[in-house]
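Visitor: next one to model:
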Amino acid sequence: MLLLYRDFLGFLEDMTRRYGSVWQARAVTEHVGMINEPELVHEVLAGRASEFVRTRSQKRLIGRAVGNGLILSDGDFWRRQRRLAQPAFHQQRLRTYLPVIHGIVERFVSTCPTGRNFALDEKLKELTLEIVAATLLGTRPPDDLGKLAEAVNGIQVGVTRLLRTGIPLPAWLPTPNNRRLQRSVQALNAVILPIIAERRRDLGDRGDLLSMFLLAADSEDEQRSMTDDQVRDEVATMFLAGHDTTSHLLAWTFHLLGQHPHVYRRVQEEADQIPSGKPPAMEDLRRLTYTEMVLKEVMRLYPPVYILLREPIHEVELGGFSFSRGQMLFVCPWMLHRDPRNFKNPAEFDPERFAPSATETFPRGAYLPFGAGPHQCIGREFGVLEALLILARIAREFDLELPPGQSMEPEALITLAPRHGLKMLFRPRGARPSP
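Guide: Sure, this is the predicted structure:
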């Protein structure tokens, strides 16, 4: 069981090799189970979703950072919050975000180092943080984006360590990890609380997610009203979930494109078809068919949300096993996406498997880049459009080169991160390598 805490993905893979695609085990203080059959996964996440809720461990530990935000809440409260947030992700709103994202990406491209190796993963974190702040929160981020990205990463690492210890240490206990996590949450609050206070002084609908939450908080309608703490929790959720998933997706994408230059050339050719000198329209991004295939294949190999946790609200039977009320269940996209029963040659990077004309099919419940069922990621379309725009703009401007010996090892935090980061060299299109 020590493998559970040292190498979480390795633990899940080892247990599945030993005991099959559905199993149960005792992990120190938790009785856990794995559901790795696509049809059963669909049952848990969609078909019988009302019988499975987020786990108490998630709510207690991740809740230290994001309270009772959308990624943790359930039931009537979750439905109300989801209804409040949904309009910020409608097609009409997404169209208004594109010029904002375009402007931020243009500044990013103009300041990217060229001709030398740099930490691309860190730059992508800062880029996506700025985009979340501008589009969903309607504000400029702090000048030192690096410190904000560091705080968000500190929350990821701190919460993951708490989830993996197997012993539910109380928040008040002054362990090194608890202290680091508390400092990271305080640093995040130091950014988001002033944003909320400033926007509250100038209350109005600016067309962003924060406006909707603040107007609800100011409402006299008890069915819509939100407390200040609830607003803070939802904003923290958007900072945590709204940028890390996209920045990690792009880091894995550029790593794979650096290894497969023929794929990158096709992405560049497609990007060249987008009109330059102005923000792309939604229709322009929709024409990036091959680029979207690349992103889908990257999300198959390296799903940012690599694990989904649920617990049944009463005893249930799945795959011949009886799972008790409150038992922690693992649904693991990382393993579903790499299972040869679900995908042919699953270890290969092959965007063509997602071509519109592809003959390969996979079972319902086998591909979960954004989850499934009612709790499917609310920002999935926003994230894909954001990633398409960023990838196409960089591809239009730069050739890529991976440094010799560059390798990427996954680190299973709250999202799937590159453990040692990503170094990359950008060179203006057509420029010759230095001798």
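
Visitor: so where's the stretch 151-300 of the chain uncertain?
Guide: Where the stretch 151-300 of the chain drops to pLDDT under 70, the residues are 166-168, 217-225.

Visitor: redo that, cut-off 90
Guide: 151-178, 181, 187-244, 275-278 (pLDDT under 90).

Visitor: same question for the stretch 301-435 of the chain.
Guide: Ranges of the stretch 301-435 of the chain meeting pLDDT under 90: 319-320, 357-362, 378-379, 404-408, 411-415, 419-420, 430-435.

Visitor: helix/strand/coil for the residue nearest the centre of the chain?
Guide: Nearest residue to the geometric centre of the chain (CA atoms, centre = their mean): residue 245, 2.4 Å. What DSSP: H, G, I helix; E, B strand; the rest coil gives for residue 245 is helix.

Visitor: these two touch, right, it and residue 415?
Guide: Yes - look at residue 245 against residue 415 with CB atoms under 8 Å: they come within range, at 5.6 Å. Glycine gets a C-beta too; all of them are placed from N, C-alpha and C.

Visitor: just give me how far stretch 97-109 sits from the chain centre.
Guide: Centre-to-centre, stretch 97-109 and its host chain are 20 Å apart (CA atoms, centre = their mean, to the nearest Å).

Visitor: buried stuff in it?
Guide: 97, 98, 100, 101, 104, 105, 108, 109 (16 or more other CB atoms under 10 Å).

Visitor: redo the residues you listed as a markdown table? Include secondary structure and distance to residue 342.
Guide: Below are those laid out as a markdown table (DSSP: H, G, I helix; E, B strand; the rest coil; distance: CB to CB, whole Å):
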| residue | secondary structure | distance to residue 342 |
| --- | --- | --- |
| 97 | helix | 34 |
| 98 | helix | 34 |
| 100 | helix | 38 |
| 101 | helix | 33 |
| 104 | helix | 37 |
| 105 | helix | 34 |
| 108 | helix | 36 |
| 109 | helix | 37 |
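
Visitor: quick revisit: overlap in contacts of residue 245 and residue 415?
Guide: Common contacts of residue 245 and residue 415 (CB atoms under 8 Å, 6 or more residues apart in numbering): 304, 305.

Visitor: for the buried residues of stretch 97-109, work out which two are farthest apart.
Guide: Greatest spatial distance among the buried residues of stretch 97-109 (CB to CB): 97 and 109, at 18.1 Å.

Visitor: how close does residue 327 get to residue 162?
Guide: 19 Å (CB to CB, to the nearest Å).

Visitor: in terms of neighbours, single out the busier of those two.
Guide: With neighbours defined as other CB atoms under 10 Å, residue 327 and residue 162 compare such that residue 162 has more, 21 against 18.

Visitor: so the more buried one sits right up against residue 177, yeah?
Guide: Yes - in terms of CB under 8 Å, residue 162 counts as a neighbour of residue 177; the distance is 6.9 Å.

Visitor: quick one, helices of the stretch 301-435 of the chain?
Guide: Listed in chain order, the helices of the stretch 301-435 of the chain (DSSP state H, counting those that start in this stretch) span 333-336, 380-397.

Visitor: with only the CA atoms kept, save the shortest one in PDB.
Guide: Pointing back at helix 333-336 there. The C-alpha coordinates for helix 333-336 follow below in PDB (Å, rounded to 0.1, in the frame of the first residue of the first chain):
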ATOM      1  CA  PRO A 333      -9.400   8.200 -17.300                       C
ATOM      2  CA  TRP A 334      -5.600   7.700 -17.300                       C
ATOM      3  CA  MET A 335      -6.100   3.900 -17.300                       C
ATOM      4  CA  LEU A 336      -9.300   3.800 -19.400                       C
END
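
Visitor: run a quick neighbour tally on residue 345.
Guide: Residue 345: 10 neighbours (other CB under 10 Å).

Visitor: can you give me phi and psi for it?
Guide: Backbone torsions of residue 345, given as degrees, to the nearest 10, read phi 40, psi 60.

Visitor: for it, give its distance to residue 233.
Guide: With distances taken as CB to CB, residue 345 is found 43 Å from residue 233.

Visitor: show the pLDDT at residue 29.
Guide: pLDDT, residue 29: 69.

Visitor: for the closest residue to the residue nearest to the centre of the chain other than its chain neighbours, give me its contacts.
Guide: Closest residue in space to residue 245, ignoring its immediate chain neighbours: residue 304 at 4.0 Å, by CB to CB, 6 or more residues apart in numbering. Neighbouring residues of residue 304 by CB under 8 Å, 6+ apart: 244, 245, 246, 248, 249, 369, 415, 416.

Visitor: tell me the two of those residues that are most distant?
Guide: Farthest pair in the contacts of residue 304 (CB to CB) is 244 and 369. Separation: 14.5 Å.

Visitor: neighbour-wise, which of these two wins?
Guide: Comparing residue 244 with residue 369 by other CB under 10 Å, the one with more neighbours is residue 244, at 26 against 23.

Visitor: tell me how far the more buried one lies from residue 105.
Guide: Relative to residue 105, residue 244 is positioned 18 Å away (criterion: CB to CB).

Visitor: what is the burial count for the closest residue to residue 274 other than its chain neighbours?
Guide: The shortest distance from residue 274 to any non-neighbouring residue, by CB to CB, 6+ apart, is to residue 284 (5.0 Å). By other CB under 10 Å, 17 other residues sit near residue 284.

Visitor: ranges for the strands of the stretch 251-400 of the chain?
Guide: Ranges of strands in the stretch 251-400 of the chain, per DSSP state E, counting those that start in this stretch, are 308-312, 316-318, 321-323, 328-331, 398-401.

Visitor: among these, which is nearest residue 205?
Guide: Closest to residue 205 of the strands of the stretch 251-400 of the chain, according to CB to CB: strand 308-312, at 33.4 Å.

Visitor: and for that closest one, what are the contacting residues?
Guide: 44-45, 51-58, 323-333, 368, 371.

Visitor: could you do stretch 36-45 as well?
Guide: With CB under 8 Å, 6+ apart, stretch 36-45 has contacts from 16, 21-22, 35, 52, 308, 310, 318-319, 329, 331-332, 335-336, 339, 342, 362-366, 368, 371-373, 375.

Visitor: tell me where the stretch 101-250 of the chain has helices.
Guide: Under DSSP H, counting those that start in this stretch, the stretch 101-250 of the chain gives helices at 120-135, 145-165, 176-201, 209-217, 228-259.

Visitor: how far off helix 176-201 does the longest one point, in degrees?
Guide: What separates the directions of helix 228-259 and helix 176-201 is an angle of 110 degrees, with axes from the mean of the first three to the mean of the last three CA atoms, to 10 degrees.

Visitor: only the buried residues of helix 228-259, if you could.
Guide: Neighbour counts over helix 228-259 (16+ other CB under 10 Å) mark 230-258 as buried.

Visitor: do the same with the fourth one
Guide: Within helix 209-217, the residues that count as buried by 16+ other CB under 10 Å are 209, 210, 211, 212, 213, 214, 216, 217.
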